[in-house]
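Peer 1: sequence and predicted model, in that order:
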Amino acid sequence: MRTGAGDDGQAAVELALVLPLLVLLLLGMVQVGLVVRDQVLLTHAAREAAREAAVDPAPAGVRRAALSAAPLEPGRLSVVMAAVEPEVTRVGVQLSYRFSTDLPLVGALLPDVHLDARASMRKEV
């Protein structure tokens, strides 16, 4: 049984209409995955920075520990330590990271994402 003569190429036209939307959706999912990955890396870096601050509260060492724990870009990372006082038994660290959405097509549609992570550790004496 033969279909009508006007149906030739219908599947190709439908694919041409839907394929850009599917590619955009796929790239959006990849972008979300990259943001989640950097959030996990930032949380790990915050834990390492807090561990370093518990041993030695020097700001340069704490930042170095955060950067060595995860492959984050140093220019986008800021490290803030909580006030360390002799009677306080815990030290806290807060990390902020600006994730650049630079994935092709999708990156231009989304603004940069600001990620935060906090960690605290008991000071070692």
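Peer 2: On my side now, so go ahead.

Peer 1: what's Ala53 in contact with, if anything?
Peer 2: Neighbouring residues of Ala53 by CB atoms under 8 Å, 6 or more residues apart in numbering: 62, 81, 84, 91, 93, 121. Where C-beta positions appear, they are placed from N, C-alpha and C, glycine not excepted.

Peer 1: any low-confidence regions in the chain?
Peer 2: Filtered on pLDDT under 70, the chain yields the residue ranges 1-6, 83-87.

Peer 1: which helix is the longest one in it?
Peer 2: helix 10-55 (DSSP state H).

Peer 1: can I have the buried ones of the contacts of Ala53 as a ChimeraX selection?
Peer 2: Burial among those is assessed by 16 or more other CB atoms under 10 Å; the matching ChimeraX selection reads:
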select :62,81,91,93,121
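
Peer 1: phi, psi for Pro72 please.
Peer 2: For residue 72 the amino acid is Leu, not Pro. The phi and psi values for Leu72, taken as degrees, to the nearest 10, are phi -100, psi 150.

Peer 1: and the longest helix of the chain, how far from the chain's centre?
Peer 2: 8 Å (CA atoms, centre = their mean, to the nearest Å).

Peer 1: one more: stretch 116-125?
Peer 2: The answer for stretch 116-125 is 21 Å, by CA atoms, centre = their mean.

Peer 1: for stretch 96-111, same thing?
Peer 2: That offset, for stretch 96-111, works out to 10 Å (CA atoms, centre = their mean).

Peer 1: ends of that stretch, what's the gap?
Peer 2: 16 Å (CA to CA, to the nearest Å).

Peer 1: and it, which residues are buried?
Peer 2: Here stretch 96-111 shows 97, 99, 106 as buried, counting by 16+ other CB under 10 Å.

Peer 1: Pro71: which of those is nearest?
Peer 2: Tyr97 (11.7 Å; CB to CB).

Peer 1: please name the nearest non-neighbouring residue to Arg63.
Peer 2: Val79 (4.8 Å; CB to CB, 6 or more residues apart in numbering).

Peer 1: thank you, goodbye.
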